[in-house]
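*Asks:* 3D model of this:
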Amino acid sequence: MFTPNVSVCLIVKNEEKNLKRCLTSIQHLADEIIVVDTGSTDNTVKIAKEFKAKVFFFPWIEDFSAARNFAINQAQGSWIFFLDADEELKMVDKKYWQSLIQATDKEAYFVQIVNCGDGGKHHYIRNLALRFFKRKTGYYYKGRIHEQILPQILQTQPLSAIGTSRLEVIHYGYSADVVAEKAKIERNVKLLQLELKNNPKDPFMRFNLGIEYHRLGEFQIASWHFKTALELLNPNISYYPYLILRLGMSLIDAGDFYGSIKVLKDGCEEFPDYTDLYFFLGEIYFNSGFYEQAIEYFKKCLELGEAPEHYVSEVGVGSFRAALRLGECYEVKLKITQAIEFYYIGLKSNPSNYEILKKIIQLFIRYYSEEDFQKYFEDKLNFLESKEVEQVLYMTIDYFPDFVLQILQSEKALIQSRNKGFLLCKAFWNKNELKKCEESLSNVEQTEEVLLLKFQLYWYQGKWDQLRNFLVKIPESFPYPLKDVYLLLEGSKDLIKEAKDINYLKNISHVLYVMTKNWISIGFRTGIDAILKIYQQIPLKEAKLKLGKLLYKKKYYQDAIEQFLSINEDNLDSEGLKCLAEIASIGNDNVTAFQFINQALTKKDASLDTWITYLKIALRNVCDYSQKALIKFPENTKFNKIITLAKREVNKLDKSSIFISMHDCKE
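*Replies:* Next up, the predicted model:
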């Protein structure tokens, strides 16, 4: 009778969205797949059977260990490998897999869990977890939640050798559904409280309860549980350093700046190679505006590198994330060369991080010439793959069109990209070389962006017959509502007045926004006015706010004012109010400017740049009043000194403005 080597076990409930990905990642390695369903009402069971899994049903009794132990009892394999449905095993060589199960000196293995958090594409937390172990009597899970098997293995076999494998499991556990995620946290809290009722001095359960309360935003309660766990826990236990980090996080979120700093600094003394402690200290100082201290800690992170694998750690704290923060620190301090150097270090270690790439490009747009950037690209960014080069072109096309053309025509990049044609046409458009743009439009793949440019070109040239023929040929499935946009440009008002679908209005607004950017590029005032007339009918405040910001950046100040003032001031965000303040200040109305910037500072999204603008306007007011005083008291030299000093500081702040008119990555 065949005895399977490895039984892959899963506990599932309503996992039809995840299960196929999970089982696909493991099916070539599993000799047997055991799926224990605890009450699915979707297609979970059907999908499991499609992968030839053995499906068993187990009623949910608020105990994860009970479900896992039931799965172990159904398995026939010599080894057990546990996965969750919202996980997948990263590709692994089959020979390496076989070497793990053939090792006679190991009872179990830790695997690396990489948690794809909710902090963005490049935010991953990694930690070790024991998921791979021999199937033996006495090897069972314990604990209603955050269940553990290692203590039972060591109790059964005190001299067991536990290995650390190179296996990597990707966890996609964060739900986009806020209500579902909150319900999951509340369930976890309930189960953890039940565990603590039986054993109130269990530090592991109290640690996990602190994590759940932190996720709920109950930071003071979380801090209390972390402190209690710390008092109960032996410092030699594996999660002790991470407990220190979590306590520091909860304290700062609870508003205890000095308490958090002390806990984390003490942690650095105790665990000097735990990079995350230094990184989070840097974060606290950075977010509090103490940039010199932040620089010290982020440089220490780069010196240490990524934390050793036995720590729970966020990927990048010893490389690209620390370098990104260092670049931001130096940018705020107006040390642009150093900022670019650290952004480069970050990009070099993570070339697909478009946030870092964008920051480099922003600085070149603001402080350097197109020729400077071209040289930098050739000398420093030659390691980028075609996908990243394409992003460079999208980010620079509105500012460095000659550079874009040079790259495209060199045939060194984007040869296979369907976007190459659009970039070529758009570069000619931005250079106002519309004849070349027209010639190119006929010879490239007819993507959505290309067809929109063609639509605008016909309209600009007044080729009405060609435009109407062009619109007739556009399929109904075309994502941009160009036929309706044409009717709106011709003066139709009923389309928007009768529109009931909010997504339709958003789609119309998006097309008009892109068209406005294109008209601004060639200075076509008639086209801009036609679109602004349509915007008077659009009821979406977000669309008006976005357009207002674009018009401000492109120095169409009066048009920007009209968009902003068509929205109730209470609905303007800090950036919109800051734009109004800047426009008023440009018009030498510093009193009105001061009113707007004060409103901007009351908004939750007020940025560092908003504060810089506030200081600039305040200093301009100082200049104004000093000049008035000087007229009345011309012999008082103090007013001249005040004016000179204020103007000098305004010039410094002008250079430090972080807000940059920047083309988004491909919209």
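*Asks:* switch to C-alpha atoms for all contacts and neighbour counts from now on
*Replies:* OK.
*Asks:* Distance from stretch 354-366 to the middle of the chain?
*Replies:* The chain centroid and the centroid of stretch 354-366 are separated by 16 Å under Cα atoms, centre = their mean, to the nearest Å.
*Asks:* Kindly report the same for stretch 60-77.
*Replies:* Stretch 60-77 sits 37 Å away from the centroid of its parent chain (Cα atoms, centre = their mean).
*Asks:* Mind listing what's buried along that stretch?
*Replies:* Buried residues in stretch 60-77, counting neighbours by 16 or more other Cα atoms under 10 Å, are found at 64-72, 74-77.
*Asks:* now the residues you listed in JSON lines, with distance to Ile534?
*Replies:* JSON lines is the format used below for the buried residues of stretch 60-77 (distance: Cα to Cα, whole Å):
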{"residue": "Phe64", "distance to Ile534": "58"}
{"residue": "Ser65", "distance to Ile534": "61"}
{"residue": "Ala66", "distance to Ile534": "63"}
{"residue": "Ala67", "distance to Ile534": "60"}
{"residue": "Arg68", "distance to Ile534": "61"}
{"residue": "Asn69", "distance to Ile534": "65"}
{"residue": "Phe70", "distance to Ile534": "64"}
{"residue": "Ala71", "distance to Ile534": "63"}
{"residue": "Ile72", "distance to Ile534": "65"}
{"residue": "Gln74", "distance to Ile534": "66"}
{"residue": "Ala75", "distance to Ile534": "66"}
{"residue": "Gln76", "distance to Ile534": "69"}
{"residue": "Gly77", "distance to Ile534": "68"}
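*Asks:* just curious, which of those residues is nearest to Lys616?
*Replies:* Out of the buried residues of stretch 60-77, the one with the shortest distance to Lys616 is Phe64. That distance is 58.6 Å, counting by Cα to Cα.
*Asks:* now, which of the buried residues of stretch 60-77 sits nearest Lys517?
*Replies:* For Lys517, the nearest member of the buried residues of stretch 60-77 is Phe64. The distance, counting by Cα to Cα, is 55.1 Å.
*Asks:* Please report how far that closest one lies from Ala48.
*Replies:* 20 Å (Cα to Cα, to the nearest Å).
*Asks:* that older thread, which of the buried residues of stretch 60-77 sits closest to Tyr213?
*Replies:* Phe64 (20.0 Å).
*Asks:* give the contact list for the closest one.
*Replies:* When contacts are counted by Cα atoms under 8 Å, 6 or more residues apart in numbering, Phe64 touches Gly143, Arg144, Ile145, His146, Glu147.
*Asks:* list the buried ones in the helix or strand of the chain with the lowest mean pLDDT?
*Replies:* For the chain, using mean pLDDT, DSSP states H and E, the weakest element among its helices and strands is helix 637-656, scoring a mean of 78. For helix 637-656, the buried set under the neighbour-count rule, 16+ other Cα under 10 Å, comprises Phe639, Asn640, Ile642, Ile643, Ala646, Lys647, Val650, Leu653, Ser656.
*Asks:* Strands along the chain, start to end?
*Replies:* Counting by DSSP state E, the chain has these strands, from start to end: 6-12, 32-37, 54-57, 79-82, 87-89, 108-116, 124-134, 162-171, 313-314.
*Asks:* Who are the packing partners of the fourth one?
*Replies:* Secondary structure elements in contact with strand 79-82, counted by 3 or more Cα pairs under 8 Å, 6 or more residues apart in numbering; DSSP states H and E, are strand 6-12, strand 124-134.
*Asks:* Go through those and pick out the most buried.
*Replies:* Among the helices and strands packed on strand 79-82, the stretch with the highest mean neighbour count (mean count of other Cα atoms under 10 Å) is strand 6-12, at a mean of 24.
*Asks:* residues in contact with it?
*Replies:* By Cα under 8 Å, 6+ apart, the list of residues contacting strand 6-12 from outside reads 26, 29-38, 40, 44, 67-68, 71-72, 75-85.
*Asks:* can we see that at 7 Å?
*Replies:* 30-38, 67-68, 71, 75-85 (Cα atoms under 7 Å, 6 or more residues apart in numbering).
*Asks:* same question, stretch 562-581
*Replies:* For stretch 562-581, the external contacting residues (Cα under 7 Å, 6+ apart) are 541, 544-545, 548-549, 552, 561, 593-594, 596-597, 599-601, 603, 605-606, 610.
*Asks:* next one: stretch 318-330
*Replies:* Where contact means Cα under 7 Å, 6+ apart, the residues beyond stretch 318-330 that reach it are 275, 291, 295, 298, 301-302, 304-306, 336, 338-340, 342-343, 345-347, 349-350, 356.
*Asks:* one step back: centre of the chain to the least confident helix or strand of the chain, how far?
*Replies:* Its chain's average C-alpha position is 38 Å from that of helix 637-656, according to Cα atoms, centre = their mean.
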